[in-house]
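Asker: Here is the input, now give the coordinates:
(one chain, ligands or ions: 1)
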Amino acid sequence: MKSFLNYIDGRFVRGKREFADVNPADGSVIAQVTEADQEQVDEAVHAARRALRGEWGGLTVRERAARLHKVADAIEKRFDCFVQAEVADTGKPISLASRLDVPRAAANFRVFADLVKMAGVEAFQTETPDGKSALNYAVRKPLGVVGVITPWNLPLLLLTWKVAPALACGNAVVVKPSEETPATATLLAEAMQKAGIPNGAYNVVHGFGPGSAGEFLTQHADVNAVTFTGESKTGAAIMQAVASAVKPVSFELGGKNAAIVFADCNFENAVDGLAEAVFLNTGQVCLCAERVYVERNIFDRFVEALKQKAERLNAGWPTDRSTELGPLISAQHREKVLSYYRLAREEGAVVVTGGGVPQFGDGRDQGFYVQPTIYTGLPESARCVKEEIFGPVCHIAAFDSEEQAIAMANDTKYGLAASIWTSDLKRGHRVAQSMNVGITWVNCWFLRDLRTPFGGVGLSGIGREGGIHSLNFYSELNNICIQL
Ligand code: NAD
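Answerer: Next up, the predicted model:
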């Protein structure tokens with residue numbers, strides 16, 4: 001049986017307790033994971049601090065960037081290994097891990113390695129009241145030790161999305177990957193070693209949230225900032241944990257994203273796009289659309305077309321290249337999704353398709369699969385329309401005017417993403433600009449240049465990451481003014 005160990009100060013170390021890593025496709029235990037206790041989290045934070053004072057902290061920006069490219073090389077060199085680890089941990093289809101998760105992890109390191117070399121600082125020669133002048137400019141400095149806490153849905157992609165810019169800015173990191181998906185953060189430690197990232201710059205502590213490594217890390221006095229992706233309520237708990245020390249936080253949280261489909265859309269394109277937006281990664285992407293609003297005169301046709309798509313999805317073994325839909329992450333998460341499937345019926349939903357658990361007659365019946373599900377007929381106030389379910393499910397409602405569609409889409413406490421489907425360019429711009437979200441797509445979904453800002457409003461997060469926005473979060477700007 002494999003073991004996933006903590007990685008502290010360049011060494012893999014065992015903790016006093018272990019927990020099981022389960023394959024969501026069949027419920028089998030694939031590894032034992034060591035749980036970091038308070039002492040090990042302390043060691044990791046102190047190792048990170050030493051790295052800042054040691055070789056890592058002494059590197060120039062150019063040298064750091066070169067090492068980060070080497071990390072990307074090391075990921076690409078063991079591409080299949082990373083893909084297999086991610087598939088076993090998450091149950092996501094191998095085709096998805098191969099085209100999305102692992103390539104993006106390498107890209108995250110390359111993008112931020114290149115960006116940090118180009119990141120300029122402001123400089124002004126300014127007139128002073130006494131008629132002389134002063135040179136006013138800013139320099140970028142690392143924050144220090146950054147605590148990185150990540151979820152299970154896109155484990156390596158989301159972890160590297162934070163680790164790469166944090167390291168690029170010269171910080172040292174202690175990462176706490178999700179207890180559900182410990183594998184690729186551990187493999188990344190091997191890639192860091194290969195790439196010559198000095199001991200202590202990247203540390204991994206495994207474990208849970210409250211009363212475990214997650215809480216020990218966020219409450220640690222010597223952690224300078226916390227960057228977190230996960231549920232909104234966990235974000236709120238972390239915010240409380242860091243409040244008294246006034247630490248900077250960057251939060252990428254949950255969503256209840258809307259899609260608006262106008263009658264003038266390219267119908268096939270919209271149906272294909274929404275099939276992705278609702279069901280990709282079994283609906284376990286924060287950006288997935290769980291609320292779909294369709295102009296009334298194409299409503300029935302659209303519902304039928306999306307139903308056909310849902311029913312044709314191949315829910316196979318994740319390791320099979322033709323599989324399109326994997327299981328949910330865990331028995332616990334499946335119970336949460338199924339509780340919403342039950343609630344939808346209680347709230348009066350029409351079940352267009354799905355709503356239950358598929359039967360395979362093989363080992364997958366011990367896994368955590370659910371049927372892709374579409375509902376109609378719920379009032380906008382229904383909990384299933386208001387709360388994030390995080391499964392392969394959407395509710396479709398009809399609208400009669402652009403104003404009504406905008407109002408329905410914006411009627412949420414979340415504000416992560418939206419998509420608009422229309423052939424009217426002006427309307428695309430107009431509606432996109434009226435969305436209260438961090439990112440809006442027009443006639444597409446999940447496309448993004450990594451240099452652009454990413455984040456959410458309301459319950460969906462605090463701050464923006466991506467491009468210069470990441471560099472701004474992971475560094476402090478020191479403003480220097482010199483009388484000339
Ligand atoms: P989660 O909040 O349950 O857990 C995320 C991480 O936080 C895990 O590593 C967990 O161990 C840790 N954690 C939990 N409680 C903690 C505490 N009190 N202190 C410190 N750490 C703690 O989220 P999840 O179930 O792993 O992920 C799914 C959620 O993540 C969904 O809500 C989804 O929308 C959101 N998400 C958001 C984005 C985004 O970019 N906005 C991306 C992916 C996922």
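Asker: How about the residues of the stretch 51-200 of the chain by the ligand?
Answerer: 149-153, 158, 176, 178-179 (Cβ under 6 Å from any ligand atom). C-beta: built from backbone N, CA, C; applies to glycine.
Asker: and the helix or strand harbouring Lys336, what's its mean pLDDT?
Answerer: Element membership for Lys336 (DSSP states H and E) is helix 331-346. Taken as a whole, helix 331-346 has an average pLDDT of 98.
Asker: what about that helix, near the ligand?
Answerer: No: using Cβ under 6 Å from any ligand atom, helix 331-346 stays clear of the ligand, coming no nearer than 7.2 Å.
Asker: And that helix, what does it pack against?
Answerer: Counting contacts by 3 or more Cβ pairs under 8 Å, 6 or more residues apart in numbering; DSSP states H and E, helix 331-346 packs against helix 383-386, strand 393-399.
Asker: And the following helix or strand past that helix, how far out from the chain middle?
Answerer: Downstream of helix 331-346, the next assigned helix or strand under DSSP H and E is strand 350-353. Centre-to-centre, strand 350-353 and its host chain are 29 Å apart (Cα atoms, centre = their mean, to the nearest Å).
Asker: Strand 350-353 pairs with which strands, and in what direction?
Answerer: Paired neighbours of strand 350-353 in the sheet (DSSP bridges): strand 373-376 (antiparallel).
Asker: Tell me which residues touch the closest residue to Thr184 other than its chain neighbours, please.
Answerer: Nearest residue to Thr184 in three dimensions, chain neighbours excluded: Leu156, at 3.9 Å (Cβ to Cβ, 6 or more residues apart in numbering). Contacts of Leu156 were listed using Cβ atoms under 8 Å, 6 or more residues apart in numbering, and they are 82, 86, 101-102, 105, 184-185, 188.
Asker: Over to Ala349?
Answerer: Contacts of Ala349 by Cβ under 8 Å, 6+ apart are 375-378, 382, 384, 395.
Asker: if we go to 7 Å?
Answerer: Residues in contact with Ala349 (Cβ atoms under 7 Å, 6 or more residues apart in numbering) are 375, 377-378, 384.
Asker: Out of those residues, which comes closest to the ligand?
Answerer: Cys384 (15.6 Å; Cβ to the nearest ligand atom).
Asker: Spatially nearest residue to the closest one (excluding sequence neighbours)?
Answerer: Counting by Cβ to Cβ, 6+ apart, the residue nearest Cys384 is Ala344, at 4.6 Å.
Asker: cool, and Ala66?
Answerer: Ala113 (7.6 Å).
Asker: Buried residues, the helix or strand harbouring the one you found. List them.
Answerer: Assigned by DSSP H and E, Ala113 belongs to helix 102-118. Residues of helix 102-118 classed as buried: 102-113, 115-116 (neighbour count, 16 or more other Cβ atoms under 10 Å).
Asker: Farthest pair within the residues of the stretch 51-200 of the chain next to the ligand?
Answerer: Asn153 and Lys176 (15.6 Å; Cβ to Cβ).
Asker: Have a look at the two and say which one is more surrounded.
Answerer: When neighbours are counted by other Cβ atoms under 10 Å, Asn153 and Lys176 differ, and Lys176 comes out ahead with 30 against 25.
Asker: what's near enough to touch the residue in the stretch 1-150 of the chain positioned nearest to the ligand?
Answerer: Nearest to the ligand in the stretch 1-150 of the chain, going by Cβ to the nearest ligand atom, is Ile149, at a distance of 4.7 Å. Neighbour list for Ile149: 176, 214, 217, 226, 228, 230 [criterion: Cβ under 7 Å, 6+ apart].
Asker: Most neighbours among those residues, which one?
Answerer: Lys176 leads the contacts of Ile149 on contacts (other Cβ under 10 Å) with 30 neighbours.
Asker: where's that one relative to Thr150, distance?
Answerer: According to Cβ to Cβ, to the nearest Å, Lys176 stands 7 Å off from Thr150.
Asker: Glu290 now?
Answerer: Distance of Glu290 to Thr150, given as Cβ to Cβ: 22 Å.
Asker: element containing the residue nearest to the spatial centre of the chain, please.
Answerer: Centroid-nearest residue in the chain, with Cα atoms, centre = their mean: Leu158, separated by 4.5 Å. Under the criterion of DSSP H and E, Leu158 resides in helix 155-168.
Asker: Show me what the first helix or strand past that helix going along the chain is packed up against.
Answerer: As assigned by DSSP H and E, the chain's next helix or strand after helix 155-168 is strand 172-176. Judged by 3 or more Cβ pairs under 7 Å, 6 or more residues apart in numbering; DSSP states H and E, strand 172-176 is in contact with helix 38-53, strand 145-149, helix 155-168, strand 202-204, helix 213-218.
Asker: Stretch 284-292 vs the ligand: in contact?
Answerer: Yes: Stretch 284-292 lies within reach of the ligand by Cβ under 6 Å from any ligand atom, at Cys286.
Asker: helix, strand or coil for Thr184?
Answerer: helix (DSSP: H, G, I helix; E, B strand; the rest coil).
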